[in-house]
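Student: Sequence first, then the predicted structure, then my questions.
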Amino acid sequence: MMIERIAPSLLKSWLHDGQEVALLDVREHGQYGEAHLFYATPLPYSRLELDVRRLVPRRDVRVVVYDDGGAPGDGVAWRAADRLAALGYHRVGVLDGGAPGWQAAGYVLFAGVNLPSKTFGELAEHTYGTPRVSAPQLAAMIAGPAPVVVLDGNTGSAKTDVLNLLPGLGVQVIDLEGLARHRGSLFGAMGEQPSQKALQS
């Protein structure tokens, strides 16, 4: 199988064409956290074979891997692409120029981790006027006479079940997913996903 070089402009169009694409940053976690593409999933080459089937279960999906932009045929992204092809993935490409190539093409790189979920929270907060509670305000609420429940949890932690029970106990619940008409995607039913330029500001 021939591994394709994917131009940044082509990848940008794929990210917004409504079709599935798996975008994998195959550098180590520290490099990913310093500067990565917004929609990228970190999958260090050292963990590729252990985690790829869980992260990319369908082998016919478009898969684009990137690194720091080594020469074609060289670098960790090309090794990852070859390994993915050997594992049965049929549509594998390497981002031409890697993360630096993306930035050189005029697109934004982001620092930090868990950006989609953080961005969703900020977008819901801005759109729906979600109340903010500072650390001192929360401390005062906890010290006060009324009971306070602070709930956080990963997917699959049964937090939805707990959230559904709380109103029956007289607890006020702000359901951000419900407000956003969440349908299992990053931005729910809020219409067209914001551009990277909108997310940057």
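Tutor: Received it, and whenever you're ready, just let me know what you need. Here the structure is a predicted model, which means the values were calculated and not measured. Numbering: from 1, shown residues only.

Student: could you point out the longest helix in this protein?
Tutor: helix 115-128 (DSSP state H).

Student: Return the set of buried residues in that one.
Tutor: The neighbour-count check on helix 115-128 (16 or more other CB atoms under 10 Å) flags 115, 119-120, 123-124 as buried. All C-beta spots, glycine's among them, are computed from the backbone N, C-alpha and C.

Student: now the following helix or strand past it, how far from the centre of its chain.
Tutor: Under the assignment DSSP states H and E, the closest C-terminal helix or strand after helix 115-128 is helix 135-143. Distance of helix 135-143 from the chain centroid (CA atoms, centre = their mean, to the nearest Å) equals 31 Å.

Student: Show me what the mean pLDDT comes to for whatever helix or strand comes next after helix 135-143.
Tutor: Later in the chain than helix 135-143, the nearest helix or strand by DSSP H and E is helix 159-165. Helix 159-165 shows a mean pLDDT of 71.

Student: For helix 159-165, buried residues please.
Tutor: Residues of helix 159-165 classed as buried: L163 (neighbour count, 16+ other CB under 10 Å).

Student: and the gap between the residue of the chain most remote from its centre and S134?
Tutor: Distance from the C-alpha centroid of the chain, by CA atoms, centre = their mean, peaks at P145 (39.2 Å). With the distance defined as CB to CB, to the nearest Å, P145 ends up 20 Å from S134.

Student: do the same with R79
Tutor: R79 sits 47 Å away from S134, going by CB to CB.

Student: So for those two, which residue has more residues nearby?
Tutor: Using other CB atoms under 10 Å as the criterion, R79 and S134 rank with R79 on top: 18 against 8.

Student: contacting residues for the more buried one?
Tutor: Contact analysis of R79 by CB atoms under 8 Å, 6 or more residues apart in numbering lists Y45.

Student: got a pLDDT number for it?
Tutor: 95.

Student: quick one: it is in a helix?
Tutor: Yes. With DSSP: H, G, I helix; E, B strand; the rest coil as the criterion, R79 is part of a helix.

Student: how about the strands of the protein, start to end?
Tutor: Assigned by DSSP state E, the strands in the chain fall at 4-6, 21-25, 41-42, 62-66, 91-95.

Student: Run through who's touching the last one.
Tutor: This means strand 91-95. Under CB under 8 Å, 6+ apart, the answer for strand 91-95 is 1, 3-6, 8, 11, 60-66, 72, 77-78, 81, 84-85, 101-102.

Student: how about a cut-off of 6 Å?
Tutor: 3-6, 11, 62-66, 77-78, 81, 84-85 (CB atoms under 6 Å, 6 or more residues apart in numbering).

Student: Same question for the first one.
Tutor: The set of residues that contact strand 4-6 without belonging to it, under CB under 6 Å, 6+ apart, is 64, 93-96.

Student: I'd guessed V173 sits against N164; true?
Tutor: No. If you go by CB atoms under 6 Å, V173 and N164 don't touch, sitting 8.6 Å apart.

Student: got the contact list for V148?
Tutor: The contact partners of V148, taken as CB under 6 Å, 6+ apart, are 141-142.

Student: quick one: it from I6, how far?
Tutor: Using CB to CB, V148 is found at 49 Å from I6.
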